[in-house]
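K.L.:
Fold the following.
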Amino acid sequence: MSMAPSYEELGHALENFIKKNVEGKSVGVAFSGGMDSGIVAAVAAKYARSVTCYTCGVDDAFDVQAGKELADKLGLPWVHCRIGEDNIEDTIRELIGATGVSDPFTISYELQLFTVCRRADESIILTGQGSDEYFGGCARSVNDDDSEYEAVLNWGIERLMKVSVPCELSIAKNFGKRLVYPFLDEEVIRCVKMIDPEILRPKTLEDRKAVLKEVATNLGFPILAHRTKKASQYGSGTTDLIRNAAKSQGKRYNRYIAGIYESMGLRNANLLRDAAVDVRMDPILVYDAENVLKELGLSHSEAIAKFYEKMVRENGLDFLKN
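P.N.:
Below is the predicted model of the structure:
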């Protein structure tokens, strides 16, 4: 099947960006064994001096098995970045220290890149981040109506750029690495936006990332077009590790993460002496709120305490209606 002009341009943009960033260099790839990181690794191998694939996960993780299998098929060296019960809490503590992130979901999702950057010998690390958001890879949006799908899509991209990427850049800086994001390159995104959104939108779970599958095939890697993949926090086993660690301490998942965060002195001292309030908020809202709090010179705890004080003084929330 020949590619439509926009598909062909997209394939060239992706390959050219990777070539520009890896040619003649030794690079690592954050490698889950799925199509996204597989494309990045396969294209990089055409131009780099060397490419090593790094996969994070528990010993029997889906990603670990898939990563080793695909690396072997691509003829690339592969390294298992092991994470387990014996090191999960220390790794979370290191991640928090490097990034200041406290959101439990972000922590479970970014533990994979953290372990890769910690283990990798190379200073340049390539990642497949951004593919889900731009190529219709989100499973939960398949059955959404038009308005819900658009909202999920926009939220995913905003979260990626405001929450995930800043966290990842902090991780990379902590280890002296440079991250390369082929799927977030401006030219690649421009080419994606030339494609009819209805073509990018998956109608079933099986046709997610249909455009990228065709691009992979036409780049010469049909082996990558039908790779099955789980979300990294599940495929690597990190979410189950955190749940089990929390359960062993008689805590809920969120409270376990908050406890580690607080033990590092990153919460307001009054909160530690008195009561802790677990608050689940959209991480994008947290990001925007943090910018306001910085301008005001307030911590999260101080801001919440002021809200509670006003609510108690006025015996209600009528002040929010103004």
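
K.L.:
Hmm, Ala13 and Glu187 touching each other?
P.N.:
Yes: counting by CB atoms under 8 Å, Ala13 is a contact partner of Glu187 at 4.4 Å. Using the backbone N, CA and C atoms, a C-beta is placed for each residue, glycine as well.

K.L.:
Who has more neighbours out of the two?
P.N.:
In this view Glu187 and Ala13 are compared by other CB atoms under 10 Å, and Ala13 has more residues nearby, 20 against 14.

K.L.:
next SSE after the strand or helix carrying Thr52?
P.N.:
Assigned by DSSP states H and E, Thr52 belongs to strand 50-57. Downstream of strand 50-57, the first helix or strand assigned by DSSP H and E is helix 62-74.

K.L.:
Give the buried residues for that following helix.
P.N.:
Buried residues in helix 62-74, defined by neighbour count with 16 or more other CB atoms under 10 Å: 62-64, 66-68, 70-71, 74.

K.L.:
what comes into contact with the helix or strand following that helix?
P.N.:
For helix 62-74, the succeeding helix or strand toward the C-terminus, using DSSP H and E, is strand 78-82. Residues outside strand 78-82 that contact it (CB atoms under 8 Å, 6 or more residues apart in numbering): 31, 52-59, 64, 67-68, 71-72, 112, 115-116, 118-120.

K.L.:
if you set the cut-off to 7 Å instead, what comes out?
P.N.:
For strand 78-82, contacts defined as CB atoms under 7 Å, 6 or more residues apart in numbering pick out 52-56, 59, 64, 67-68, 71, 115-116, 119.

K.L.:
for stretch 115-126, same thing?
P.N.:
Around stretch 115-126, the neighbours that count as contacts under CB under 7 Å, 6+ apart are 22, 25-30, 40, 44, 52, 54, 56, 79, 81, 83, 91, 171-172, 175-180, 182.

K.L.:
what's the neighbour count on Asp60?
P.N.:
For Asp60, using other CB under 10 Å, the count is 8.

K.L.:
pLDDT score assigned to the residue lying closest to it once chain neighbours are set aside?
P.N.:
Here the nearest residue to Asp60 in space, its sequence neighbours aside, is Gly237; by CB to CB, 6 or more residues apart in numbering that works out to 7.8 Å. Note for Gly237: predicted pLDDT of 89.

K.L.:
From Val29, how far out is Gly237?
P.N.:
The spacing between Gly237 and Val29, counted by CB to CB, to the nearest Å, is 20 Å.

K.L.:
before we move on, back to that, can you tell me which of the contacts of strand 78-82 is closest to Met35?
P.N.:
If you rank the contacts of strand 78-82 by distance to Met35 using CB to CB, Gly67 comes first, at 12.5 Å.

K.L.:
list the contacts for that closest one?
P.N.:
Gly67 is in contact with 31-33, 53, 55, 78, counting by CB under 7 Å, 6+ apart.
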